[in-house]
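*Asks:* pasting a predicted model and its sequence here:
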Amino acid sequence: MKFPRLYRKKKTKAETKPADVNPTEAKEEFMPREESEQPDTAKDETSTPVISDSDEERVGEPAAATVPVLSEKISINAIFGCIWHNKWKYILPLVITGAVVSWLALCIPRYYKVTVMLAPEYNVPTNIGGFSGFASSLGINVGSSSGSDAIVPMFYPDLISSTDFIVPLFDIPITTKDGKYKGTYADYLKTKQKAPWWTVEMNKLKNRIAPPPKSEPRGEADPVNPFALTFEEDAIMRAIKASINCTVDKKTDVITITTTAQDPLVAALIADTVRQRLQDFIIQYRTVKARRDLEHVEKLCEKAHSSYLQKQHDYATFVDANQDLVLESFKSKERDLEDEMQLAFNTYSQLLTQVQTAKGKVQERTPAFTVLQNASVPVKHAGPQRVLMVLESLILAFIISTIVFITRDKRVRW
């Protein structure tokens with residue numbers, strides 16, 4: 001004989017709170033029941049599905065439901081599934097993109113780059129010599145900042161891009177590698193420079209919309225005036241400025257000059273010329289005061305030498321004319337001329353010493369340059385990177401096509 005056991009009904013979410021339950025219902029809940037008469041409520045509640053309104057609407061849809069791409073995380077499987085399902089649709093956009101970009105890349109002319117590196121030497125004062133090592137580790141160059149120069153190496157890029165530095169480059173004689181052109185750099189940029197067809201058409205359109213101002217042509221003997229450039233000369237100046245790049249390392253003051261041209265020999269010639277012009281400018285700037293002092297002392301020395309020669313001539317003439325005279329007046333005159341000659345000689349001797357000292361100062365102020373890398377004719381072109389351009393365009397076309405296919409695929413929902 002089996003004894004009845006107490007059966008406690010499980011509470012569902014739809015049931016009311018314990019405070020709202022009637023006492024009679026609570027008693028019935030704990031009443032003894034036979035095991036065979038117990039209702040399987042838990043089984044019925046868990047096995048009965050809850051159908052919402054959205055599920056009732058999709059009752060008639062097929063079993064292959066849409067796959068969400070963005071729920072909480074990106075579904076990589078859904079994306080790869082969409083890519084695999086539309087794999088044949090990638091052929092047309094990728095082929096068209098590759099063909100168009102390859103044709104445009106072939107229209108861009110090749111260019112060559114030449115790099116020159118040089119380092120100026122500085123005289124570091126002895127009182128900060130021990131501090132220079134610590135300062136260099138912090139990226140501070142004591143040699144370039146300890147002097148009284150107004151143009152420090154940090155200003156060299158601005159110097160090279162200035163009009164006064166670029167305009168003298170117009171008349172540089174250059175020769176192309178194939179030997180078909182020999183002339184000035186300005187004429188080379190006007191006649192031998194190539195450009196993509198879209199650049200040519202854009203320039204024609206700009207000239208039609210806004211015609212360039214007319215200016216009187218210069219004569220062959222008239223030099224280019226940097227103060228008043230014509231429209232054509234300004235275009236050449238901007239083209240030269242774009243083809244020359246100068247950078248200075250703040251820690252070591254190493255000057256790097258890079259030139260770009262469509263001919264390798266022209267790029268090497270321009271790089272070497274810019275390096276030489278920059279060295280000449282720096283030397284001239286650093287020694288300008290010392291050279292002025294030297295010129296002033298040399299002029300004074302020349303005058304002192306002329307005065308000494310004149311005093312010597314007067315003294316010799318007077319002595320030769322009055323050798324047999326014994327009057328004190330003549331002897332006094334002779335001593336005065338001799339003293340004047342001696343004073344002129346002393347002055348000339350002192351100025352001659354100052355001239356030698358001034359020459360030493362000029363030599364001391366002249367900076368020495370160490371060329372770390374000379375200009376050389378490049379063997380391989382620097383650009384354009386046509387293969388890289390095609391690969392980048394194909395990757396971009398693949399990404400755009402994938403986004404379009406995913407947005408248009410009915411099997412994928414966001």
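*Replies:* Thanks, I have the structure now.
*Asks:* what sits against Lys182?
*Replies:* When contacts are counted by C-beta atoms under 8 Å, 6 or more residues apart in numbering, Lys182 touches Pro173, Ile174, Thr175, Thr176. Quick note: C-beta positions are derived from backbone N, CA and C, even for glycine.
*Asks:* among the residues you listed, who's most crowded?
*Replies:* In terms of neighbours by other C-beta atoms under 10 Å, those top out with Ile174 at 22 neighbours.
*Asks:* now the strand or helix carrying that one, how far from the chain's geometric center?
*Replies:* Using DSSP states H and E, Ile174 sits within strand 173-175. Relative to the mean C-alpha coordinate of its chain, strand 173-175 is positioned 28 Å out (C-alpha atoms, centre = their mean, to the nearest Å).
*Asks:* downstream of it, the next helix or strand is which one?
*Replies:* Later in the chain than strand 173-175, the nearest helix or strand by DSSP H and E is strand 182-184.
*Asks:* next SSE after that following strand?
*Replies:* Next in sequence after strand 182-184, counting helices and strands by DSSP H and E, comes helix 185-191.
*Asks:* which other helices and strands contact that next one?
*Replies:* Here helix 185-191 is seen to pack against helix 231-243, helix 264-286 when contacts are counted using 3 or more C-beta pairs under 8 Å, 6 or more residues apart in numbering; DSSP states H and E.
*Asks:* what's the most buried one of these?
*Replies:* The highest mean neighbour count among the helices and strands packed on helix 185-191 belongs to helix 264-286 (a mean of 19), with neighbours defined as mean count of other C-beta atoms under 10 Å.
*Asks:* just for the stretch 201-350 of the chain, where's the confidence low?
*Replies:* Segments of the stretch 201-350 of the chain classed as low confidence (criterion: pLDDT under 70) are 215-221, 325-326.
*Asks:* just the strands in it please.
*Replies:* Listed in chain order, the strands found in the stretch 201-350 of the chain under DSSP state E, counting those that start in this stretch are 244-248, 255-261.
*Asks:* the last one pairs with which strands?
*Replies:* Sheet pairing here is set by DSSP bridges, and for strand 255-261 it gives strand 112-120 (antiparallel), strand 244-248 (antiparallel).
*Asks:* tilt between the longest one and helix 231-243?
*Replies:* Angular relation of strand 112-120 and helix 231-243 on a 0 to 180 degree scale: 70 degrees, by axes from the mean of the first three to the mean of the last three C-alpha atoms, to 10 degrees.
*Asks:* and strand 112-120 with helix 264-286, angle?
*Replies:* With the same axes, to 10 degrees as the criterion, the two stretches strand 112-120 and helix 264-286 enclose an angle of 20 degrees.
*Asks:* which pLDDT value belongs to Ser144?
*Replies:* Per-residue pLDDT puts Ser144 at 48.
*Asks:* picking up where we left off before, same list (the strands paired with strand 255-261) but as CSV, adding distance to Asp320 and mean neighbour count.
*Replies:* Rendered in CSV, the data for the strands paired with strand 255-261 read as follows (distance: least, C-beta to C-beta, whole Å; neighbours: other C-beta atoms under 10 Å):
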stretch, distance to Asp320, mean neighbour count
strand 112-120, 59, 19
strand 244-248, 68, 17
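*Asks:* can you tell which of those is closest to Ala382?
*Replies:* Taking C-beta to C-beta as the measure, those were each checked against Ala382, and strand 112-120 came out nearest at 4.1 Å.
*Asks:* what's in contact with that closest one?
*Replies:* Strand 112-120 is contacted from outside by 153, 252-264, 267-268, 270-272, 274-275, 279, 282, 367-378, 381-382, using C-beta under 8 Å, 6+ apart.
*Asks:* pLDDT on that strand, on average?
*Replies:* Computed over strand 112-120, the mean pLDDT rounds to 92.
*Asks:* still on that earlier bit, and the strand holding Ile174, which strands flank it?
*Replies:* Based on DSSP bridges, the strands next to strand 173-175 in the sheet, each with its direction, are strand 182-184 (antiparallel).
*Asks:* of all the helices and strands packed on helix 185-191, which lies closest to Ser102?
*Replies:* helix 264-286 (24.5 Å).
*Asks:* on contacts alone, who are the packing partners of that closest one?
*Replies:* Under the contact definition 3+ C-beta pairs under 8 Å, 6+ apart, helix 264-286 sits against strand 112-120, helix 156-160, strand 173-175, helix 185-191, strand 244-248, strand 255-261, strand 369-373.
*Asks:* that'll do, ta.
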